[in-house]
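1. Turn this into a model:
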Amino acid sequence: MRFSVLLLTGVVLAAPALAQPHDHAASEHAGHTMPQMPGMAHDQADAPASHAGQDMSQMAGMPMTGTLGNYPMSRDASGTSWQPDDAAHNGVHAQAGDWALMGHLSLSGVYSNQSGARGAEKLFPAGMVMGAARRDFSEADTLNLRLMLSPDPFMGRNGYPLLLASGETADGSSHLVDRQHPHDLVMEMAGSFSHKLSETDSAFLYLGYPGEPALGPPAFMHRASASANPAAPITHHWLDSTHITFGVATAGFVHDAWKVEVSQFTGREPDQFRFNFDPPKLDSTAVRLSWNPDSHWSLQTSWGHLNSPEQLNPSEDETRITASAQYFARVGDESSIAATLAWGLKDLSDGTKLHGVVLEGTFKPNDPWSVFARGEWVENAELGPHHQVNRVGQLSLGAVHDWRLSENWKLGLGALHAFAFAPSALGYGGTPRGNMVFARIIAE
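-> Residues are numbered from 1 along each chain as shown. Prediction:
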């Protein structure tokens with residue numbers, strides 16, 4: 001663990017000194033292809049269009065391919081998932097011999113105040129620190145290594161107040177309800193190897209401990225439509241909660257704009273100990289089909305069987321089905337719009353079927369400002385007694401303003417307001433509200 005932290009810190013701190021100020025300058029400095037690492041999409045919509053919106057494949061007159069195949073590198077998102085090709089990434093690039101390095105940091109201090117009889121308040125840290133290293137051994141073979149850490153464990157085992165949220169446990173004996181659970185310190189420690197079969201075809205293998213199996217859309221903190229929003233979606237456990245899985249092996253095939261992949265992974269969610277590594281079991285399976293029909297869209301559908309995912313209900317299995325559509329477009333020199341529509345079904349082994357839907361988006365009228373919104377509806381059996389299924393929803397709207405401190409650093413201040421909708425029998429009282437204010441620091 002100490003070695004992992006030191007390695008990542010070195011990547012993030014050394015990259016600004018080694019790299020040129022902007023991504024395209026770093027590519028020229030490298031002398032050959034400067035790859036973009038997947039999982040670096042957290043702040044992909046936040047860079048000025050003057051450099052983030054350029055066709056990165058034309059930088060220095062060299063091809064810039066993805067880590068899993070011969071496609072634009074901006075298509076790579078978290079794990080092995082895809083996003084729209086136009087959703088540019090940001091990061092601090094460097095070169096160390098034959099290795100291309102990237103670092104990214106986004107840390108926030110957030111104050112959450114959730115009203116009503118079931119509300120609470122808390123000040124907590126959030127965000128991530130990421131490092132990646134890529135080596136192209138030939139025109140056909142690519143190795144990519146990635147490490148991602150989270151400050152979430154330092155918010156405490158109870159996570160933070162978030163009305164209508166549920167999933168995982170704080171103490172190993174009771175469910176977390178109306179709170180978002182903290183993620184583990186190590187959110188991803190993974191590697192992938194891809195082999196180019198032709199100009200349009202490639203095969204790849206991805207291993208993670210922890211890692212992200214081929215199930216659902218990109219994790220919410222990596223989606224362009226959600227990267228500015230400090231609140232986790234209440235649909236998290238319907239769509240992308242497997243993004244931290246202690247034991248993942250994924251094999252896939254890419255053909256041009258299509259990708260099919262199969263994962264064997266540990267079905268059990270992480271336990272309440274956020275600084276440790278859970279034992280890998282590889283007892284669950286997922287299959288995902290992805291398609292990017294053009295540079296603005298990324299579509300996926302996936303199926304997974306999760307063996308005993310809930311620590312507190314070990315006899316219960318889950319079949320999960322998801323489908324999603326992501327959209328990204330630039331609408332001006334410094335303006336962009338990103339949106340995601342996603343649906344998930346949790347089909348439990350006791351016969352309970354729970355649906356969840358989210359529609360979220362972020363609009364950037366200019367470089368400093370981001371305006372974001374989210375609407376969600378879920379069927380949840382954990383909010384009330386006796387595992388009764390309740391239909392609940394939430395609408396939220398917020399904004400953040402960033403000030404660029406230097407070429408690689410910026411500071412942001414933002415806030416959001418949310419309306420929660422739930423049956424009166426659950427005892428939330430009227431229409432409870434959720435408020436968050438936050439400050440963030442980003443290195444890219």
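2. The closest residue to residue 152 other than its chain neighbours: what's it in contact with?
-> Distance criterion C-beta to C-beta, 6 or more residues apart in numbering; nearest residue to residue 152, sequence neighbours excluded, is residue 182 at 3.7 Å. For the C-beta atoms, the positions are set from N, CA and C on the backbone; glycine is no exception. Applying C-beta atoms under 8 Å, 6 or more residues apart in numbering to residue 182 gives the contacts 150, 152, 153, 155, 156, 157, 159, 160, 274.
3. In strands, which of the residues you listed fall?
-> residue 160 (DSSP state E).
4. if we can go back for a sec, so which strand or helix has the residue nearest to residue 152?
-> Residue 182 belongs to no helix or strand when elements are defined using DSSP states H and E.
5. Buried only: go through the contacts of residue 182 for me.
-> Using 16 or more other C-beta atoms under 10 Å as the burial test, these include 150, 152, 153, 155, 157, 159, 160, 274 as buried.
6. between the contacts of residue 182, which is nearest residue 293?
-> For the contacts of residue 182, the closest approach to residue 293 (C-beta to C-beta) belongs to residue 150, at 33.2 Å.
7. That closest one against residue 188, yeah?
-> No. Counting by C-beta atoms under 8 Å, residue 188 is not a contact partner of residue 150; they are 9.5 Å apart.
8. and which of the buried ones among the contacts of residue 182 is nearest residue 230?
-> residue 160 (9.5 Å).
9. any idea how far residue 439 is from the closest one?
-> Between residue 160 and residue 439 the distance is 15 Å, computed by C-beta to C-beta, to the nearest Å.
10. List the contacts of residue 192.
-> Per C-beta under 8 Å, 6+ apart, neighbours of residue 192: 67, 68, 80, 142, 143, 144, 204, 205, 206, 207.
11. where does the fifth one land on pLDDT?
-> Same thing as residue 143. As predicted, residue 143 sits at a pLDDT of 97.
12. List the buried residues in the helix or strand containing it.
-> Here residue 143 sits within strand 141-149, counting by DSSP H and E. With burial defined by 16+ other C-beta under 10 Å, the residues of strand 141-149 counted as buried are 142, 144, 145, 146, 147, 148, 149.
13. Next: stretch 64-81.
-> Buried, per 16+ other C-beta under 10 Å, within stretch 64-81: 64-81.
14. can you check stretch 408-420 too?
-> Buried positions in stretch 408-420, judged by neighbour count with 16+ other C-beta under 10 Å: 408, 410, 412, 414, 416, 418, 420.
15. Quick check: strands, which of those are part of them?
-> Reading strands off the buried residues of stretch 408-420 with DSSP E, I get 410, 412, 414, 416, 418, 420.
16. pLDDT at the closest residue in space to the fourth one that isn't next to it in sequence, what is it?
-> Distance criterion C-beta to C-beta, 6+ apart; nearest residue to residue 416, sequence neighbours excluded, is residue 398 at 2.8 Å. Model confidence at residue 398, expressed as pLDDT, equals 98.
17. count of neighbours near residue 398?
-> Per other C-beta atoms under 10 Å, the neighbour tally for residue 398 reads 23.
18. I figured it hits residue 417, correct?
-> Yes. The pair residue 398 / residue 417 is scored as a contact, 6.8 Å apart, by C-beta under 8 Å.
19. now the strands: where do they sit in the stretch 201-350 of the chain?
-> 201-208, 248-255, 258-265, 284-291, 297-306, 318-330, 336-348 (DSSP state E, counting those that start in this stretch).
20. now the first one: mean pLDDT?
-> If I follow you right, that is strand 201-208. pLDDT averaged over strand 201-208 gives 98.
21. Residue 230 is in contact with residue 106, isn't it?
-> No. Applying C-beta under 8 Å as the test, residue 230 and residue 106 come out as separate, 10.5 Å apart.
22. Spit out the residues that contact the two alike.
-> In contact with both residue 230 and residue 106: residue 440, using C-beta under 8 Å, 6+ apart.
23. if you count what's nearby, which of those two comes out ahead?
-> It is residue 230, of residue 230 and residue 106, that has more neighbours when counted by other C-beta under 10 Å, with 25 against 22.
24. need the contact list for the more buried one.
-> Residue 230 sits in contact with 108, 110, 126, 398, 414, 416, 436, 438, 440, where contact means C-beta under 8 Å, 6+ apart.
25. residues contacting residue 245?
-> Applying C-beta under 8 Å, 6+ apart, the residues contacting residue 245 are 208, 210, 211, 212, 213, 265, 266.
26. residue ranges with poor pLDDT in the chain?
-> The chain contains residues with pLDDT under 70 at 1-63.
27. What is the burial count for residue 225?
-> Residue 225 has 30 neighbours, counted by other C-beta under 10 Å.
28. ok, which stretches of the chain are helices?
-> 2-18, 23-30, 49-52, 236-239 (DSSP state H).
29. How far does the last one sit from its chain's centre?
-> Going back to what we said before, that points to helix 236-239. Distance of helix 236-239 from the chain centroid (C-alpha atoms, centre = their mean, to the nearest Å) equals 12 Å.
30. helices and strands around it, which ones?
-> Packed against helix 236-239 by the contact rule (3 or more C-beta pairs under 8 Å, 6 or more residues apart in numbering; DSSP states H and E) you find strand 160-169, strand 318-330, strand 336-348, strand 353-364.
31. Quick one: closest of the ones you listed to residue 389.
-> Proximity to residue 389 (C-beta to C-beta) singles out strand 353-364 among these, at 6.8 Å.
32. between the closest one and strand 318-330, how many degrees?
-> Following axes from the mean of the first three to the mean of the last three C-alpha atoms, to 10 degrees, one obtains 20 degrees for the angle between strand 353-364 and strand 318-330.
33. This completes my enquiry, with thanks.
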